[in-house]
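Q: fold the following for me, if possible:
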Amino acid sequence: MRTGGPWAEYAGSSSGARDELPSRGGRTTDPAHVYRARRPLAPGNGQTGGVSDEALSGTGPGVRFTAADEEKTRGVRRMKTIATGLLAFATLVFALATWAESAGAGAWAGYVAAAAEAGMVGALADWFAVTALFRRPFGLPIPHTAIIPTKKDAFGRSLGDFVGENFLSGQVVRGRLAALGIARRLGEWLAAPGSAERVTKEASAALRGVLAVLRDDDVQAVVAEAVTRRAAATSVAEPAGRMLGKVVADGGHHGVVDLIAVRAHDWLAENHAEVVDRVTQKTPGWTPKFIDHQVGERVYKELMRFVTDIRDDQEHPARGAIDNFLADFATELQTDPETIARVERAKADLLARPEVQDLIASTWAAVRSLVMNAAEDEESELRRRIREGVRTFGARLATDAKLQAKVDGWLQDAAQYLVDTYRTEITSIISETVAGWDADDASRKIEANVGRDLQFIRINGTVVGALAGLVIHTAAVALGG
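A: As a prediction, this is how the structure comes out:
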């Protein structure tokens, strides 16, 4: 059975006024105890269960009810006490004025009673309106009451749509960014003393962090696979043929031929006996040894003469033969299908060798070590160049209007792309967050923040109602008299 009535709102207590909801079965329903009112009775003791510390402190999921909200709730209670007291005063005045009028006190009692009565009506009407925002008055299922709890999800969607249309539109974002002058401000900050050092320090720390979390085995596998796949997909015969043809046409290979001729001459000069021995070992066994030695010496002298001539004579026929061979080979690499296929097969065989794969994979370890050391060393070339680059870029960005316009344009384009592409996802954060709130918790949160101002509606309703009642009674007396 329900207890109390419209006056339960205004009965008050020594600890402050109650919430707009009337009491139910002896359980209090003031804002600070909404959670408790929803908890079941503790078995055997008839007392309401307490709300959890997480719910009161806002550490649990859903609506966060903070200490500031608690303070605002106390302010709401104070304003409710004032509004309730004003209604109680109007009620007392009405009762006294009605008694005075019946006792023949005079016409003034009628005016006072009319004003007090209208003030009571206005106060009750506004109490109903304010209460209907947050809950059902008297707990009755009156249509269009408990608006916030029942329409919470719709409010969330409407708020999300409002934000998306009025704050996340491309035109609004571009205009706001243009007014900020981000590029100029960024340039001034980068050019300021110490900024380049700070940016370099943070960039180095970020780089070291990225390198630290990457697993060497994974990166090496990715690098090896990427290099191998790229090399396998790229034809090397034709580019190599074009490069070789250009080198031969420019005579760039002559230095290599000179080096080979010099090294061959020096080797023969240093290994005279070995060359002769190798030749004599190939002679028939029935020939005399002195003849074998003479043959070996003869071969050695001819080799020395041939190599010496190649070394000293730039027009030696052997050099011309080498030029012709290289030029023909360069042409075949570009035009001969068989030569191209052979080169590609050789490339595939080379890439498949474990030694090559290990070499490709090991490049990551070398690069990683090099970059880590450079990032840690404040005097390294890497950090020095980053600092200089940041300073230079900042100084130019701070003074170059064209560069500022270009950077601002990039930022505006990027921001517009983000809001145009992800506007629905961004605004859905609002609607989904509101949808995830408990209806009573959301109502309590909103009431704590706007309830104090809403109590002025009740106060104004009482005052305005009283004035309107006085005017209407005056007019009625004047017209009737």
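
Q: just give me the neighbour total for Ala435.
A: 14 (other CB atoms under 10 Å). Yep, even glycine has a C-beta here, placed from its N, CA and C like the rest.

Q: what does Thr200 give?
A: Thr200 has 22 nearby residues by other CB under 10 Å.

Q: would you check that it makes contact with Ile386?
A: Yes: counting by CB atoms under 8 Å, Ile386 is a contact partner of Thr200 at 4.7 Å.

Q: who does the helix or strand where Ala116 lies touch, helix- and strand-wise?
A: Taking DSSP states H and E as the criterion, Ala116 maps to helix 107-134. Contact here means 3 or more CB pairs under 8 Å, 6 or more residues apart in numbering; DSSP states H and E; on that basis helix 107-134 packs against helix 67-102, helix 147-150, helix 439-480.

Q: what average pLDDT does that helix get?
A: On average, the pLDDT along helix 107-134 is 91.

Q: where among the helices and strands packed on helix 107-134 is the average confidence lowest?
A: helix 147-150 (a mean of 86).

Q: render the CA-only coordinates of that helix in PDB, please.
A: Only the C-alpha atoms of helix 147-150 are listed here, as PDB (Å, rounded to 0.1, in the frame of the first residue of the first chain):
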ATOM      1  CA  ILE A 147      10.700  11.700 -19.400                       C
ATOM      2  CA  ILE A 148      14.500  11.500 -18.800                       C
ATOM      3  CA  PRO A 149      14.500   7.800 -17.800                       C
ATOM      4  CA  THR A 150      12.200   6.700 -20.600                       C
END
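
Q: quick one: that helix to chain centroid distance?
A: 34 Å (CA atoms, centre = their mean, to the nearest Å).

Q: re earlier: buried set for the helix holding Ala116?
A: Neighbour-count burial for helix 107-134 flags 109-124, 126-128, 130-134 (criterion: 16 or more other CB atoms under 10 Å).

Q: could the helices and strands packed on helix 107-134 be laid out in CSV, adding mean neighbour count?
A: Converted to CSV, those look like this (neighbours: other CB atoms under 10 Å):
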stretch, mean neighbour count
helix 67-102, 17
helix 147-150, 17
helix 439-480, 17
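
Q: I'd like those laid out as TSV, including distance to His265.
A: Formatted as TSV, the helices and strands packed on helix 107-134 follow (distance: least, CB to CB, whole Å):
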stretch	distance to His265
helix 67-102	94
helix 147-150	101
helix 439-480	96
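
Q: of all those, which one is nearest Glu270?
A: In terms of CB to CB, the element of the helices and strands packed on helix 107-134 nearest to Glu270 is helix 67-102, at 93.1 Å.

Q: right, so of the helices and strands packed on helix 107-134, which gets closest to Ser235?
A: helix 439-480 (66.9 Å).

Q: residues in contact with stretch 463-481?
A: 86, 90, 107, 110-111, 114-123, 125 (CB atoms under 8 Å, 6 or more residues apart in numbering).

Q: can I get it in CSV, CA atoms only?
A: Below are the C-alpha coordinates for stretch 463-481, written out as CSV (Å, rounded to 0.1, in the frame of the first residue of the first chain):
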residue,chain,number,x,y,z
VAL,A,463,5.0,33.7,-6.8
VAL,A,464,3.6,34.2,-10.3
GLY,A,465,0.6,32.0,-9.5
ALA,A,466,-0.1,34.1,-6.4
LEU,A,467,0.1,37.4,-8.4
ALA,A,468,-2.1,36.0,-11.1
GLY,A,469,-4.7,34.8,-8.6
LEU,A,470,-4.7,38.2,-7.0
VAL,A,471,-5.2,39.9,-10.3
ILE,A,472,-8.0,37.5,-11.3
HIS,A,473,-9.7,37.9,-8.0
THR,A,474,-9.4,41.7,-8.2
ALA,A,475,-10.9,41.7,-11.7
ALA,A,476,-13.7,39.4,-10.7
VAL,A,477,-14.6,41.6,-7.7
ALA,A,478,-14.4,44.7,-9.8
LEU,A,479,-16.6,43.2,-12.6
GLY,A,480,-19.0,41.7,-10.1
GLY,A,481,-19.2,44.8,-7.9
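
Q: how distant is that stretch from the center of its chain?
A: 64 Å.

Q: and what of stretch 364-371?
A: Centre to centre, stretch against its chain (CA atoms, centre = their mean), the figure for stretch 364-371 is 29 Å.

Q: what's next to that stretch, contact-wise?
A: Under CB under 8 Å, 6+ apart, the answer for stretch 364-371 is 207, 211, 214, 216, 219-220, 223, 382.

Q: which parts of the stretch 301-450 of the chain are helices?
A: Listed in chain order, the helices of the stretch 301-450 of the chain (DSSP state H, counting those that start in this stretch) span 317-335, 337-352, 354-376, 381-399, 401-436, 439-480.

Q: now do the second one: which elements does it pack against?
A: Applying 3+ CB pairs under 8 Å, 6+ apart, one finds that helix 337-352 makes contact with helix 216-233, helix 237-250, helix 317-335.

Q: ok, now the fourth one?
A: For helix 381-399, the contact count by 3+ CB pairs under 8 Å, 6+ apart identifies helix 182-191, helix 195-213, helix 354-376, helix 401-436 as packing neighbours.

Q: from these, which stretch is densest packed?
A: helix 182-191 (a mean of 18; mean count of other CB atoms under 10 Å).

Q: quick check: mean pLDDT across that one?
A: 93.

Q: which residues are contacting that helix?
A: Against helix 182-191 from outside (CB under 8 Å, 6+ apart): 195-196, 199, 390-391, 393-399, 403-405, 407-408, 411.

Q: between all of the contacts of stretch 463-481, which two are separated the most?
A: Ala107 and Ala125 (27.4 Å).
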